[in-house]
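**Q** The sequence isn't on hand, but the structure is:
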């Protein structure tokens, strides 16, 4: 049997205004799986993602990352395992240079300077941005910023990549570059997206969320073939 990378059990969460964002969500990912998380706006996708490295605390249920149950005691170790890439790269890029942005995570992990440098170099190489170390992140294009945002996560060598709308705002060339980058990465991956063409090409398993619940979970080719199911949850066949 394949090793479990992520196991979410009966996860529920409501925001302070009373809006219930998650209602008893259970989901398991095996190591190496690449999974799409799709559904209409407000379905709870982003709320689910940011629970995975403890940005939000579950009000009910349990999250297990490998052999670690997520709680206050394991939070730092879980965050080392789960790399979260936000929808807007500007939420992750705030340092004076690309190098400093990518180095932030390894420095936070307490790594020595020589290892920080090698982590940064390798992460930038992986995303095809080795020549950008001295650039200012906010002067880059959206596609370049997204690759740098992914590099900031890869520099921490996570076991799991969590990406929120990675193709949003990209032109066709930048989108193609992103797809090829994600295809080459070995990590377990969960991707929240409205880009069903990307899902069809890149992610073998698809989970549909609506109203804070999982309403379908299966092979991508089978889920995307069910036009009535897609339409019922605000999605269109690619």
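**A** Ah, there it is. Being a predicted model, the structure only gives us computed values, none of them experimental.

**Q** Residue 7 versus residue 116, what's the distance?
**A** Using CB to CB, to the nearest Å, one obtains 32 Å as the distance from residue 116 to residue 7. Every C-beta, even on glycine, is put in place using the N, C-alpha and C of the backbone.

**Q** Out of the two, name the residue with the larger neighbour count.
**A** Taking other CB atoms under 10 Å, residue 116 and residue 7 do not tie; residue 116 has more neighbours (20 against 16).

**Q** what residues are up against residue 209?
**A** Each residue near residue 209 by CB atoms under 8 Å, 6 or more residues apart in numbering is listed here: 25, 37-39, 43-45, 48, 215.

**Q** Helix, strand, or coil at it?
**A** Three-state assignment for residue 209 (DSSP: H, G, I helix; E, B strand; the rest coil): strand.

**Q** May I have the beta-bridge partners of it?
**A** residue 214 (DSSP bridges).

**Q** With residue 14 instead?
**A** In this entry, residue 14 is beta-bridged to residue 20, by DSSP bridges.

**Q** For burial, what's the neighbour tally of the residue lying closest to residue 81 once chain neighbours are set aside?
**A** Nearest-residue entry for residue 81: residue 159, 4.7 Å, with adjacent residues in sequence omitted and distances by CB to CB, 6 or more residues apart in numbering. Residue 159 has 17 neighbours, counted by other CB under 10 Å.

**Q** Begin at 47 from now on, thanks
**A** I'll keep to 47 as the first residue from here, and by that count the last item is residue 205.

**Q** so where's this structure shaky on pLDDT?
**A** Judged by pLDDT under 70, the chain has its weakly predicted residues at 47, 104.

**Q** and the residue nearest to residue 127, what is it in contact with?
**A** 51, 77, 111-112, 127-128, 233-234 are the contacts of residue 205 under CB under 8 Å, 6+ apart.

**Q** In strands, which of those residues appear?
**A** 51, 111, 128, 234 (DSSP state E).

**Q** my read: the first one touches residue 73, true?
**A** Looking back up the chat, that one is residue 51. No - in terms of CB atoms under 8 Å, residue 51 does not count as a neighbour of residue 73; the distance is 11.2 Å.

**Q** More neighbours: which of these two?
**A** Between residue 51 and residue 73, counted using other CB under 10 Å, the more crowded position is residue 51 (22 against 18).

**Q** What separation is there between that one and residue 75?
**A** Distance, residue 51 to residue 75, using CB to CB: 5 Å.

**Q** where do the contact lists of the two overlap?
**A** Shared contacts of residue 51 and residue 75, counting by CB under 8 Å, 6+ apart, come down to 206, 234.

**Q** Just the buried ones from the contacts of residue 255?
**A** Using 16 or more other CB atoms under 10 Å as the burial test, the contacts of residue 255 include 71, 83-85, 89-91, 94 as buried.

**Q** Show me those that map onto helices.
**A** Using DSSP state H, the members of those that fall in helices are 91, 94.

**Q** Between the buried ones among the contacts of residue 255, which sits nearest residue 134?
**A** Looking at the buried ones among the contacts of residue 255 and their distance to residue 134, the nearest is residue 91, at 15.2 Å (CB to CB).
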